[in-house]
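Novice: Quick one, fold the following:
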Amino acid sequence: MTIEELYKASGDDYNELLGRLFNAKLIEKLVKKYRDDQNYKQLCDGVAQKDREKVFTAAHTIKGLALNLGFGRLAQTATELTEATRNSYPDNVPELFAAVQKEQDNILALIDKLD
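Specialist: Next up, the predicted model:
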């Protein structure tokens, strides 16, 4: 799978990202590097511990990374979790986390298919 195919499969816009970063090799390098990012692990730990601050911080960071990498669906779900935990730990955190988890899993599965 090429990087362009990854973005098509994820429903995201590779050309928009390329228009911002101007470097296909850099995009591919950053996308591959995303696999090793530890913020998702921090998010999982925060949800398991019901730690609002840890969930908020990790979700906020994932949102920023996803926006910078052009992963729109992941950014949207992370934004929803970020905003929900900005000042409290609401009852719907598990549902919001499940949405982030689904998008994260999808992105990582696609990254694994890169040539």
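Novice: For Phe56, pull up the helix or strand it's in.
Specialist: helix 52-69 (DSSP states H and E).
Novice: Could the C-alpha coordinates of that helix be exported in CSV?
Specialist: The C-alpha trace of helix 52-69 is given here as CSV (Å, rounded to 0.1, in the frame of the first residue of the first chain):
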residue,chain,number,x,y,z
ARG,A,52,-9.6,12.8,33.9
GLU,A,53,-6.4,14.7,33.6
LYS,A,54,-4.5,11.8,31.9
VAL,A,55,-7.4,11.2,29.6
PHE,A,56,-7.8,14.8,28.7
THR,A,57,-4.0,15.3,28.1
ALA,A,58,-3.6,12.2,26.0
ALA,A,59,-6.8,12.8,23.9
HIS,A,60,-5.8,16.4,23.3
THR,A,61,-2.3,15.3,22.1
ILE,A,62,-3.8,12.6,19.9
LYS,A,63,-6.1,15.2,18.4
GLY,A,64,-3.2,17.5,17.6
LEU,A,65,-1.2,14.7,16.1
ALA,A,66,-4.1,13.5,14.0
LEU,A,67,-4.9,17.0,12.8
ASN,A,68,-1.2,17.5,11.8
LEU,A,69,-1.1,14.2,10.0
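Novice: what's it packed up against?
Specialist: Here helix 52-69 touches helix 24-34, helix 39-49, helix 72-84, helix 93-112, going by 3 or more C-beta pairs under 8 Å, 6 or more residues apart in numbering; DSSP states H and E. All C-beta spots, glycine's among them, are computed from the backbone N, C-alpha and C.
Novice: tell me the angle of the last one relative to helix 52-69?
Specialist: When axes from the mean of the first three to the mean of the last three C-alpha atoms, to 10 degrees is applied, the directions of helix 93-112 and helix 52-69 differ by 40 degrees.
Novice: want to throw the helices and strands packed on helix 52-69 into a markdown table with distance to Ala58 and mean neighbour count?
Specialist: Conversion of those to a markdown table gives the following (distance: least, C-beta to C-beta, whole Å; neighbours: other C-beta atoms under 10 Å):
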| stretch | distance to Ala58 | mean neighbour count |
| --- | --- | --- |
| helix 24-34 | 14 | 15 |
| helix 39-49 | 4 | 17 |
| helix 72-84 | 9 | 21 |
| helix 93-112 | 9 | 17 |
